[in-house]
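[1] How does the following fold in three dimensions:
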Amino acid sequence: MPERRWLILSYFSNIDGMACAQHLDDRISHLEQAGIRPVLLTGPCGVRWDTLPHARAPSVAPSGVRFEIRHFFRKMRFPDPWSKVLEFLALLPLYPFYLLEKIIADLDSQWSWFPLAAIRGYFLCRKHRPEILYSTGGPSSAPLAAGLFARRCSVPWIAEVQDPLVHEDWLRSRRALAVYRWVERFICRRADAVVFVTDAARRRAESRTDTGGRGWVVYPGADPATASADPLRKGDRCRFAHFGSLGGSRNIETFLGALGLLFRESPGMESAAGLDLYGTCDRRSKALIRKFSSPGVITVHGRLPRKESLAAMQRSDVLLLIQNTEEFSVETIPSKVYEYLQAGRPILGLVYRNPELAGMLIAQGHMAVDAADPGAVKEGITRCLARWRESAPEGPALPPSSYTVAAAVGRLVAISGDLRERRTSGEGTDG
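    The predicted structure follows:
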């Protein structure tokens, strides 16, 4: 029996701490368990997979070359100040062309990966004869590259869209919006199956394009957590823990405002609650931390490697989820949600106009409050503290979630089986 292969296109892969890379990385072992041999085509930023056929292609535009050079210097960890000096010298000849590109088309830094990726992908397709072409990974360059050779190679194409390409809170130019609208229509017209990670994203994309009934929803999930060697023991404070970067409208202003309101109403609560921050903070978040009136409540741990981060989740009393207060959040679910759900700890979700996410949390015994309403957040904090006080010495715990990577991969494999069956029976889509 011939080996089953999938050709997978993703600009990002094998980069610790990057959500859109982990989205694919977590699926590799599950695809192999399903009897599928992944063949990878990625950008040059991640570590090469030595257990799989793995090809890489660079970007061609100045923004992409700049991004890849900067990532190279971060990865090499040259000693300061030489790192900044060498990076500046390497990028200096590029800046005039980079500025010209931004004037003409203000697109994402990875947009120009698609030309060389399409060429490389075509020859990989001819060499490995995959049964499925699967594009994923965040940037729109991956599905664009896949769409350029999928039909020529007569391979069913599953296009996964992790983040909406077009949305209401558009900050780039009108020209960029026109480009991404075209890319979205191209994907939805050409792909044999278009996979979205939320139902809201699917419905909104289908209102703008014609997927012809080829739209699917696959929740990414996370692998069940490995039991921590250092389990939680209740301390003298209920520790709320936020994991991930804080920046823009995803910040701790509303949470700290609600916490301050609670402390003013009930001064004794100052000694009962604490906040641990794991990840990077922008200037605004750092300023909010400095200005917070109750010393000793907030502890900033910085960024942790993923394995340590997952262990720290299991040692937290309450996991704090904060969504951006932007229209974009209405149709997205942060990937961190699925890791939180597997940690078995209570979650307080500050959710912005997203009934799909709120319903997911509430259905599994967690709390969801309005991310823009300090009063609602204060009430959520109060309920978490009450639950914590009444819990066992090891703290409150909830069963792991059914949203797993294995379930997501199983659904993808089922979709691929449906596509191959339709191809075999002559009912393939005409795009």
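
[2] what sits against residue 381?
    240, 255, 258-259, 262, 273, 348 (Cβ atoms under 8 Å, 6 or more residues apart in numbering). For every residue, glycine as well, the C-beta is placed using N, CA and C.

[3] and the two most separated of those residues?
    Spanning the widest gap among those are 262 and 348, at 12.9 Å by Cβ to Cβ.

[4] so where's this protein shaky on pLDDT?
    Counting by pLDDT under 70, the chain shows low-confidence ranges at 1, 227-231, 393-397, 426-431.

[5] Run through the strands of it in chain order.
    In the chain, the strands defined using DSSP state E lie at 4-10, 36-42, 54-56, 132-135, 157-161, 193-196, 215-217, 238-243, 273-278, 298-302, 318-322, 347-351, 367-370.

[6] about what we covered before: what is the nearest of the contacts of residue 381 to residue 294?
    When the contacts of residue 381 are ranked by distance to residue 294 (Cβ to Cβ), residue 259 comes first, at 7.8 Å.

[7] To what extent is the closest one buried, counted in neighbours?
    As a burial measure, residue 259 scores 26 neighbours (other Cβ atoms under 10 Å).

[8] I figured it was touching residue 289, is that so?
    No: using Cβ atoms under 8 Å as the test, residue 259 is too far from residue 289 to be in contact (11.8 Å).

[9] neighbours around the residue nearest to residue 183 when sequence neighbours are not counted, how many?
    Using Cβ to Cβ, 6 or more residues apart in numbering and skipping residues adjacent in sequence, the residue nearest residue 183 is residue 140, 5.0 Å away. For residue 140, the count of nearby residues is 25 (other Cβ under 10 Å).

[10] Please shift the residue numbers so they start at 18 in all later answers.
    Yep, numbering from 18; the last one is residue 157 now.

[11] give me every residue that touches residue 157.
    Counting by Cβ under 8 Å, 6+ apart, the residues that residue 157 touches are 125, 128, 182, 197, 200.

[12] State the phi and psi torsions of it.
    Backbone torsions for residue 157, taken as degrees, to the nearest 10, come to phi -70, psi -10.

[13] Let me see the ranges of the helices in the stretch 168-317 of the chain.
    Here the stretch 168-317 of the chain has its helices, by DSSP state H, counting those that start in this stretch, at 191-207, 216-225, 270-282, 300-308.

[14] how about JSON lines for the ones you listed, with distance to residue 382 added?
    What follows is these, written out as JSON lines (distance: least, Cβ to Cβ, whole Å):
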{"stretch": "helix 191-207", "distance to residue 382": "36"}
{"stretch": "helix 216-225", "distance to residue 382": "21"}
{"stretch": "helix 270-282", "distance to residue 382": "21"}
{"stretch": "helix 300-308", "distance to residue 382": "29"}
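
[15] of all those, which gets the most neighbours per residue?
    helix 270-282 (a mean of 19; mean count of other Cβ atoms under 10 Å).
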